[in-house]
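Participant: Here is my input; please provide its structure:
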Amino acid sequence: MVGFYAHGAASLAPIVTNAANRVNRRKTPGFLDISRIMQNPRSQNPYMPPPRRVNRTWVGGDMQFLTDWNPDLHLHRTMTLRRTKIVCTTGPATESEESLRQLIGRGMDVCRLNMSHGTHEWHARQIRMVRAISQEQNRAVAIMLDIQGPKIRTSRVQGGSVIIRAGDDLTIHSSDIIGDECHIGVRYSLFAKEVSEGQTIMIDDGRIRMVVVETDGECVEAKVVVGGVLTDKRGVSVPDAHFSVPSVTEKDKRDLSFGIEHDVDYIAVSFVRRASDISGVKQMIHDQGADIPVIAKIETKMGLDNFSEILKVADGIMVARGDLGVEIPIEDVPITQKRLIAESNASGKPVITATQMLESMIHDAIPTRAEATDVANAILDGTDAIMLSGETTIGDYPIESLVMMDRIARTTESAGWRVRMEADADATGLSIKRSIGRAVCQLARDLNAAAIITTTYSGSTATVVSMYRPETPIIAITPDEATFRRLALIWGVTTLKIPAVGTTDEAMDASVRSAMDAGFLKAGDRVVLTTGVPIFVAGTTNLITVRVVE
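Facilitator: Residues are numbered from 1 along each chain as shown. Next comes the predicted model:
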């Protein structure tokens, strides 16, 4: 196992070698069929839509592929290109330049900045260091700014933590007081007016629970059902309450302006309840002269109920299982996760699976077996990216958490997957871009091509190709710095940057040379290229060609 650890911890640069282009391309039966699960949901589950066919699954109809999987081939596995992307949240445990250097070197694809914590000065420093180190290492690393949204939080408590005991009476004030064992504050002035007797209040992702006994509009009297240690600024949820807090707060607006000023690559919007929440954020971004993709975090029951409409306007989805598991019964979270991933895949929108993936590694050097299985199952479900939160913000083993997630992803992917060609097999009236994306994947498979190269300005062609989950490596070539970084989130896409050129032929020649220099191609390899005429104009993808590398 020594070699496994050594290779698993390696950076992307030595991993992307010619060996990566000789991945075993045998046709495997595929992964677990999500449609089978979705056709038989529990009849009383209010969080599952009526059964319907999901025209998306890149996973196959059975688990036969496992019969060909050899766990002893771990050394070969770690030399292949990881397709699933990894998002790391930075915090006190990873704020130093050396920590960020290790995260980027060990495979972080997206750096998430949680605006619920830290000052603008702190986040600006993180952005500067991530940009400098990624440029130094010639790595595409995207920066995602995660705004707090209408999150209701407790105020601070005496000494930074107090013990709340089951059976005790607790008074909750609708003001920012310093709390203790008997009184706590909530940072929302209408809280006591908008909760009702008998409702359950959950604090810190449900770790502390209490029932409302009475409310006078100023304070809430509650009986603690599940006690625990309460620290500063913990999240508060009341699943049956409808709070009138705006979807975008004044703090969020300031954070959005900060993100635009620092040219972040994605904006993640918390506690999305309806499609208009996303449209509103997009309008705010547009009004400031920017164009930044917006990720909708699904973590409320209302957001889940309105998911189909939210998906239409969002540029991507985050399955935020922490608060979602408080808003809906925890036993419904796994199937809900599969539904959200399936529908995101069908729409061609990137989807991130987040929260508590390797939670035990905050304090332990290795994860639980259940956590390792959770990460693998998210990959089998079809997620584009998997995310680390507390593991890399406050954990004792932030780098080890990333290395472990990388190893689990590579091992899971080494079992093979089924290409998604059947998703549009009977479809008619597809867009030009989607039709070309599907044709490119089929052609690359038929020719056993060493790579698919997309020359792109906006990155949308590479995203469409990724949707079909080809076995062939996807190399996106772009002259645009923002596209170079943003594609770091997209499943299976490795991005290379070249100077802008004048003609389509020049762009193709430069793209092949760039891929050869990066070690993706060698003389004699077949490569499928797709681009547009005129070159590097967004929305003009209309050309496919095949070359043999000379």
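
Participant: Could you give me the buried positions within stretch 507-521?
Facilitator: 507-508, 510-512, 514-516, 519-521 (16 or more other C-beta atoms under 10 Å). All C-beta atoms are positioned from the backbone trio N, CA, C, and that covers glycine.

Participant: Residue 387 belongs to a strand?
Facilitator: Yes: counting by DSSP: H, G, I helix; E, B strand; the rest coil, residue 387 is located in a strand.

Participant: what's it in contact with, if anything?
Facilitator: 86-89, 112, 318, 352-355, 357 (C-beta atoms under 8 Å, 6 or more residues apart in numbering).

Participant: Kindly reformat the residues you listed as a markdown table containing pLDDT.
Facilitator: As requested, the contacts of residue 387 are exported to a markdown table (pLDDT from 0 to 100):
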| residue | pLDDT |
| --- | --- |
| 86 | 99 |
| 87 | 99 |
| 88 | 99 |
| 89 | 98 |
| 112 | 99 |
| 318 | 99 |
| 352 | 99 |
| 353 | 99 |
| 354 | 98 |
| 355 | 95 |
| 357 | 98 |
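
Participant: remind me which residues of the stretch 301-450 of the chain are low pLDDT?
Facilitator: For the stretch 301-450 of the chain, residues meeting the criterion pLDDT under 70 lie at 417-429.

Participant: Which parts of it are strands?
Facilitator: Using DSSP state E, counting those that start in this stretch, the strands of the stretch 301-450 of the chain run over 316-320, 351-354, 385-388.

Participant: swap in the stretch 151-300 of the chain?
Facilitator: Under DSSP E, counting those that start in this stretch, the stretch 151-300 of the chain gives strands at 152-153, 161-164, 169-173, 183-185, 200-203, 208-215, 219-226, 228-231, 235-237, 266-269, 294-298.

Participant: what comes up buried for stretch 130-144?
Facilitator: Buried-residue list, stretch 130-144, by 16+ other C-beta under 10 Å: 130-131, 133-134, 139-144.

Participant: In PDB, could you pull the C-alpha coordinates for that stretch?
Facilitator: Below are the C-alpha coordinates for stretch 130-144, written out as PDB (Å, rounded to 0.1, in the frame of the first residue of the first chain):
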ATOM      1  CA  VAL A 130      -5.100  30.900  -4.600                       C
ATOM      2  CA  ARG A 131      -4.700  32.900  -7.800                       C
ATOM      3  CA  ALA A 132      -0.900  33.300  -7.400                       C
ATOM      4  CA  ILE A 133      -0.300  29.600  -6.400                       C
ATOM      5  CA  SER A 134      -2.500  28.100  -9.100                       C
ATOM      6  CA  GLN A 135      -0.800  30.300 -11.800                       C
ATOM      7  CA  GLU A 136       2.600  29.200 -10.400                       C
ATOM      8  CA  GLN A 137       1.500  25.500 -10.600                       C
ATOM      9  CA  ASN A 138      -0.200  26.000 -14.000                       C
ATOM     10  CA  ARG A 139      -3.400  24.700 -12.500                       C
ATOM     11  CA  ALA A 140      -7.000  25.800 -13.300                       C
ATOM     12  CA  VAL A 141      -8.600  26.400  -9.900                       C
ATOM     13  CA  ALA A 142     -12.000  28.100  -9.600                       C
ATOM     14  CA  ILE A 143     -13.000  30.300  -6.700                       C
ATOM     15  CA  MET A 144     -16.600  30.000  -5.500                       C
END
